[in-house]
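Peer 1: Everything below, folded, please.
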Amino acid sequence: DTNNQQSTATLNIQDESTDTTAKLSLDAVPSFPFGTVKTNTIFSGGTTESDLSGNNTVVVNDTRLSSVGWNLAVTNTTAFTNGNSKINGTITFKPLAFQFSDGAAEGWAWTNSTTSLDLPNSTSNQVATSTGAKKGTATSEIKHASLKFNGHDAIVPGSYTANLTWNLAAATTDSSTESE
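Peer 2: The predicted structure is shown next:
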């Protein structure tokens, strides 16, 4: 039959060891600008709020050729410091779902609907995970954060900064297993 013919379509997948685009990376983490706070708010264990815009996303890129997921943790947070003066608190926020450019990032999730980060804290606080089933670059936006004060030493006027270390790591087989 000369009216029907077969053709083929082919492609090659480059080995991960030579494909520099196949990677697991943390491309953006948020900043939390809380502005000017009254000392009474700190002394009374009060809360201050911040509407975040710009520099308010978590972006994870996972283009590895495996079904292994990932874990995102915040580790080694410091108190707010200005010289020898320290202020402790807890930052809380409700992140939006991870999104690929073409829709929801299935299997990519925040550990809790509200994330809480104690300042200071030397332990690892797992905040998000991926099952590894879906790959790509996904973004989660954080529109609002709160800071509740829960301790301080001698406070001086000026600017205070707390450091938060975000750590993205490939999941172990056990940590990425999820019941369906």
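Peer 1: doesn't Lys143 make contact with Thr57?
Peer 2: No. Applying C-beta atoms under 8 Å as the test, Thr57 and Lys143 come out as separate, 10.2 Å apart. (Each C-beta comes from the backbone N, C-alpha and C, glycine too.)
Peer 1: how about low-confidence regions in the protein?
Peer 2: Applying pLDDT under 70 to the chain flags the ranges 1, 6-21, 173-180.
Peer 1: Repeat the analysis, applying 50 as the threshold.
Peer 2: Low-confidence segments of the chain, defined by pLDDT under 50: 175-180.
Peer 1: residue boundaries of the helices in it?
Peer 2: Assigned by DSSP state H, the chain shows helices spanning 39-43, 173-176.
Peer 1: leaving aside the residues next to it on the chain, what's closest to Glu141?
Peer 2: In space, and not counting its chain neighbours, Glu141 is closest to Leu96: 4.7 Å by C-beta to C-beta, 6 or more residues apart in numbering.
Peer 1: Please give me every residue in contact with that neighbour.
Peer 2: 140-143 (C-beta atoms under 8 Å, 6 or more residues apart in numbering).
Peer 1: So what's the residue count around the residue lying closest to Glu106 once chain neighbours are set aside?
Peer 2: Ranked by C-beta to C-beta, 6+ apart and with sequence neighbours excluded, the top spatial neighbour of Glu106 is Lys134, at 5.0 Å. Using other C-beta atoms under 10 Å, Lys134 has 17 other residues around it.
Peer 1: Lys134 touches Gly107, doesn't it?
Peer 2: Yes. Counting by C-beta under 8 Å, Lys134 does reach Gly107; the two are 5.2 Å apart.
Peer 1: Dump the contacts of Leu96 to CSV, plus distance to Lys23 and neighbour count.
Peer 2: Listed next are the contacts of Leu96 as CSV, based on distance: C-beta to C-beta, whole Å; neighbours: other C-beta atoms under 10 Å:
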residue, distance to Lys23, neighbour count
Ser140, 19, 22
Glu141, 23, 16
Ile142, 24, 20
Lys143, 28, 13
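Peer 1: Taking those residues, tell me the two that lie furthest apart.
Peer 2: Ser140 and Lys143 (10.6 Å; C-beta to C-beta).
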